[in-house]
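**Student:** For reference, the sequence and a predicted model appear below.
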Amino acid sequence: MTDQDAPTAAAVDRYLTDMLVNEDEALRLARESSAETTAPGIEITPAQGAFLALIAQIAGARRVLEFGTLAGYSTIWIARAVGPEGHVVTCELSEQNAAVARRNLERAGVSERVDILVGPALDSARSLAQEGTEPFDLVFVDADKPNNPGYLEQAVQLGRPGTVLIVDNVVRGGAIVDASSEDPNVIGVRALMDALHDDPRIDATALQTVGLKGWDGFSLARIR
Ligand code: DHB
Ligand code: MG
């Protein structure tokens, strides 16, 4: 094998996905329908969806909160993982995206176990807290990055000891090590890291990922 046809991280991701990930028609259509949203193509990959579902099952999660619905691709993975007795609340700013997601959740057969809260996610989460909603077992943060510190705080408020937190996109092609970055997404992720660093309520780590979506990563954390 010459350097020119050396395997790429994307090719490996495709291989692993082909071998291990069962993406049915409803999931595939949901993933492809991200093209109809305000942020085409930023949904998680199939392997990441399967990973999220496994984490939810390993945690025994019944109630999951998601920040950032987009087309509902990750929502379907999570909703299937929590089972028919489970419940997913997913927050989405855009009514356009929520409409795409509703259709996808319906087709995937999970709409009865999912509530989409349309509007600024910080407001939606605040309402949940005011209503005294039951604690969530897992929180997946995958929305606008500048609000990451706010979402983290709300995840802690809406969780309980043992609640699992996962935050997507914490590496951004390596850009997060640039302390002088003016990219609001990078600033948001760095602010999240500052918050996790100082927070005695949370145990956290973060892992870099490569694959179909290039170089990025996620943080995995747990409320003490
Ligand atoms: C962006 C957001 C995401 O959630 C993602 O997975 C990739 C990119 C972005 O806003 O750039
Ligand atoms: Mg993301």
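**Tutor:** Looks like it arrived, so ask away. Ligands and ions are numbered 1, 2, ... in the order given.
**Student:** The residue in the chain that ligand 1 sits nearest to: what secondary structure?
**Tutor:** The nearest approach of the chain to ligand 1 comes at I42, 3.9 Å away (C-beta to the nearest ligand atom). The way it works is simple: take the backbone N, C-alpha and C, and place the C-beta from them, glycine included. When classified by DSSP: H, G, I helix; E, B strand; the rest coil, I42 comes out as coil.
**Student:** Next, the contact list for it, please.
**Tutor:** The neighbours of I42, taking C-beta atoms under 8 Å, 6 or more residues apart in numbering as the test, are 34, 70.
**Student:** For the protein, which residues are neighbours of ligand 1?
**Tutor:** Contact residues, the chain versus ligand 1 (C-beta under 6 Å from any ligand atom): 42, 142, 168-169, 185.
**Student:** go again using 5 Å as the cut-off
**Tutor:** Applying C-beta under 5 Å from any ligand atom, we find that the chain lies next to ligand 1 at 42, 142, 169.
**Student:** Run a quick neighbour tally on the second one.
**Tutor:** By the other C-beta atoms under 10 Å criterion, the neighbourhood of D142 contains 24 residues.
**Student:** show me what contacts it?
**Tutor:** The contact partners of D142, taken as C-beta under 8 Å, 6+ apart, are 44, 66-68, 70, 74, 167-169.
**Student:** can you pull the pLDDT of V64?
**Tutor:** Note for V64: predicted pLDDT of 99.
**Student:** burial of it, as a residue count?
**Tutor:** The number of residues packed around V64, counting by other C-beta under 10 Å, is 26.
**Student:** Which strand residues bridge it?
**Tutor:** On the basis of DSSP bridges, V64 is bridged to V88, L138.
**Student:** what comes up buried for the longest helix belonging to the chain?
**Tutor:** Criterion DSSP state H: the longest helix present in the chain is helix 184-198. By neighbour count on 16 or more other C-beta atoms under 10 Å, the buried set for helix 184-198 is 185-193, 195-196.
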